[in-house]
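Student: Structure here, sequence nowhere to be found:
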């Protein structure tokens with residue numbers, strides 16, 4: 001058998017291997033994406049190379065360098081991109097695979113034409129086919145199975161534009177030292193379904209359905225993943241659309257669900273979310289402001305990769321959708337602007353200004369005392385120092401309102417990956433807002449441990465101490481144990 005014939009035979013498994021890898025990659029890709037809308041037409045404009053040294057991103061230290069060098073120098077069937085890169089870490093498109101396979105088949109055809117194949121050589125090829133018949137059948141079966149799965153996914157998929165995500169939270173709260181209204185063990189729960197749609201890949205339309213019942217420790221801000229007693233009535237909790245203007249500006253138009261800190265990129269304080277009590281999040285965002293039931297408009301401008309300016313407006317009364325009232329004559333209105341410095345590093349900080357107008361008396365959950373109607377101005381600063389394994393964070397907020405001034409704050413420390421990978425242990429304390437002149441600010445301390453049990457379940461035990469400063473109550477201090485289970489699906 002001539003040398004050229006053997007060279008052609010050696011090139012055949014290379015082509016077959018490329019076919020198998022490409023087929024699997026294409027099938028797997030199809031299972032995720034049903035259509036290719038952003039195809040790069042330049043990806044098929046490949047250029048023939050004569051030496052592996054022409055590929056600028058292939059180095060002698062790369063594990064596949066010898067294989068590439070052999071294919072280029074012995075067979076000349078490897079092609080690069082117009083910019084002389086090989087991009088060996090990315091997946092092939094069908095066009096790129098076809099171009100590469102065609103080049104190798106051309107070499108095989110040339111080698112065979114130059115030398116011919118005698119009967120003995122043809123018998124050797126057939127013997128090799130029979131020897132690897134089982135492996136080839138297995139490979140063909142795997143590709144067929146992937147294609148069948150892809151067809152099933154396409155036929156049964158929920159939507160080509162929408163993803164459905166769910167979250168369910170269960171709370172068990174037990175008082176060890178009681179205050180009025182918080183004397184018994186209670187259960188609170190909340191369920192959410194988020195429908196997130198994207199039409200361009202960079203925008204998002206969110207419609208959230210929520211049902212909840214129960215809350216606890218309301219004199220100290222209540223539970224973060226609960227709602228006021230609602231009897232499990234299903235409501236549209238969020239309804240908004242976000243879209244980019246260029247590369248650095250994002251605009252959000254909301255029909256319902258956004259107010260206060262919903263308009264900002266980050267609340268900086270990392271207790272916001274993992275903590276069981278809502279006091280873990282900066283409470284000034286919702287103090288004296290409009291409700292989230294109205295309509296609003298927000299803009300986020302990334303001045304640099306680390307500095308973001310956010311602004312938002314919410315018309316928070318039900319009449320905001322009434323043409324006789326309109327958005328800008330709503331009874332309750334809220335404006336917010338925040339400048340955030342959020343690099344991937346040690347120091348994160350933000351400054352915030354809010355202005356809220358209320359036409360009616362505002363009932364405060366954390367005291368049971370009503371604050372006067374009118375305007376509230378809020379000036380706040382937020383800070384986080386990240387030391388890697390642990391962090392220190394907090395905020396302070398000054399508020400002036402019709403009847404006086406108020407100062408609130410919280411501060412604490414947290415440990416990431418505490419005993420369990422992906423967990424967070426945190427302890428924080430602070431003084432909650434109180435927009436009334438004849439009571440003191442409530443004080444609260446919470447310690448929590450947010451632990452991932454699996455990819456779908458997190459469990460968060462918590463101990464909470466607080467002084468509610470309820471008007472007309474002698475003993476305002478209480479101590480609670482709580483546990484929250486959060487399912488995501």
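Tutor: That came in fine, so what should we check first? Here the structure is a predicted model, which is why all the values come from computation and not from measurement.
Student: Give me the number of neighbouring residues for residue 132.
Tutor: Neighbour count for residue 132, taken as other Cβ atoms under 10 Å: 13. The way it works is simple: take the backbone N, C-alpha and C, and place the C-beta from them, glycine included.
Student: which residue sits closest to residue 281 in space, ignoring its chain neighbours?
Tutor: With sequence-adjacent residues excluded and distances taken as Cβ to Cβ, 6 or more residues apart in numbering, residue 281 is closest to residue 272, at 3.6 Å.
Student: What about that neighbour, how many residues nearby?
Tutor: Number of residues near residue 272 (other Cβ under 10 Å) recorded here: 21.
Student: That one contacts residue 283, correct?
Tutor: No - applying Cβ atoms under 8 Å, one finds residue 272 not in contact with residue 283, separated by 10.1 Å.
Student: need the strands for the stretch 51-200 of the chain, in chain order.
Tutor: Under the criterion DSSP state E, counting those that start in this stretch, the stretch 51-200 of the chain contains strands at 79-80, 162-177, 186-197.
Student: Partner strands of the shortest one, with direction?
Tutor: According to DSSP bridges, strand 79-80 has the following sheet partners: strand 47-48 (antiparallel).
Student: Then the longest one?
Tutor: Taking DSSP bridges as the criterion, strand 162-177 sits next to strand 186-197 (antiparallel), strand 477-488 (antiparallel) in its sheet.
Student: domain assignment for the chain?
Tutor: According to automatic domain parsing, the chain comprises the domains 3-156, 162-488.
Student: which one of these is the most hemmed in?
Tutor: When you average the neighbours per residue for each of the domains of the chain (mean count of other Cβ atoms under 10 Å), domain 162-488 leads with a mean of 18.
Student: quick check, distance from that one to the centre of its chain.
Tutor: 18 Å (Cα atoms, centre = their mean, to the nearest Å).
Student: so what's residue 217 up against?
Tutor: Going by Cβ atoms under 8 Å, 6 or more residues apart in numbering, residue 217 touches 173, 182, 223, 277, 464, 466, 478, 480, 482.
Student: so how far does stretch 454-473 reach from one end to the other?
Tutor: 44 Å (Cα to Cα, to the nearest Å).
Student: Let me know the helix or strand that residue 471 is in.
Tutor: If you go by DSSP states H and E, residue 471 is not part of any helix or strand.
Student: where does the protein dip in pLDDT?
Tutor: Within the chain, the ranges that satisfy pLDDT under 70 run 1-48, 115-118, 121-122, 229, 290, 317-322, 324, 359-372, 437-439.
Student: Excluding chain neighbours, give the residue nearest to residue 309 in space.
Tutor: residue 301 (4.6 Å).
Student: tell me the SS of residue 226?
Tutor: coil (DSSP: H, G, I helix; E, B strand; the rest coil).
Student: isn't it right up against residue 210?
Tutor: No - contact criterion Cβ under 8 Å: residue 226 and residue 210 do not qualify, at 11.0 Å.
Student: Mutual contacts of the two, please.
Tutor: Listed as contacting both residue 226 and residue 210 by Cβ under 8 Å, 6+ apart are residue 190.
Student: do you know how far the residue nearest to residue 309 is from residue 387?
Tutor: Noted for residue 301: a distance of 30 Å to residue 387, by Cβ to Cβ, to the nearest Å.
Student: now swap in residue 374 and tell me
Tutor: To residue 387, residue 374 is 43 Å away according to Cβ to Cβ.
Student: so what's the closest residue to residue 484 other than its chain neighbours up against?
Tutor: Nearest in space to residue 484, with sequence neighbours left out and distances taken as Cβ to Cβ, 6+ apart, is residue 460 at 4.5 Å. Listed by Cβ under 8 Å, 6+ apart, the contact set of residue 460 reads 274, 276, 448-451, 483-486.
Student: Sheet partners, orientation included, of the host helix or strand of residue 460?
Tutor: Per DSSP H and E: residue 460 is located in strand 457-467. Applying DSSP bridges to the sheet, strand 457-467 is found paired with strand 443-452 (antiparallel), strand 477-488 (antiparallel).
Student: Kindly reformat the ones you listed as JSON lines containing distance to residue 78.
Tutor: Putting the strands paired with strand 457-467 into JSON lines (distance: least, Cβ to Cβ, whole Å) gives the following:
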{"stretch": "strand 443-452", "distance to residue 78": "45"}
{"stretch": "strand 477-488", "distance to residue 78": "45"}
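Student: correct me, but residue 327 touches residue 315?
Tutor: Yes - assessed by Cβ under 8 Å, residue 327 is found in contact with residue 315 at 4.6 Å.
Student: what touches both of the two?
Tutor: Contacts common to residue 327 and residue 315, judged by Cβ under 8 Å, 6+ apart, are residue 295.
Student: picking that back up, separation between the residue nearest to residue 281 and residue 108?
Tutor: If you go by Cβ to Cβ, the gap between residue 272 and residue 108 works out to 63 Å.
Student: what helix or strand does the residue nearest to residue 309 sit in?
Tutor: In the assignment (DSSP H and E), residue 301 maps to strand 295-302.
Student: The next helix-or-strand element following that strand: partners in the sheet, and parallel or antiparallel?
Tutor: Next helix or strand after strand 295-302 toward the C-terminus (DSSP H and E): strand 307-315. Paired with strand 307-315 in the same sheet, following DSSP bridges, are strand 295-302 (antiparallel), strand 333-341 (antiparallel).
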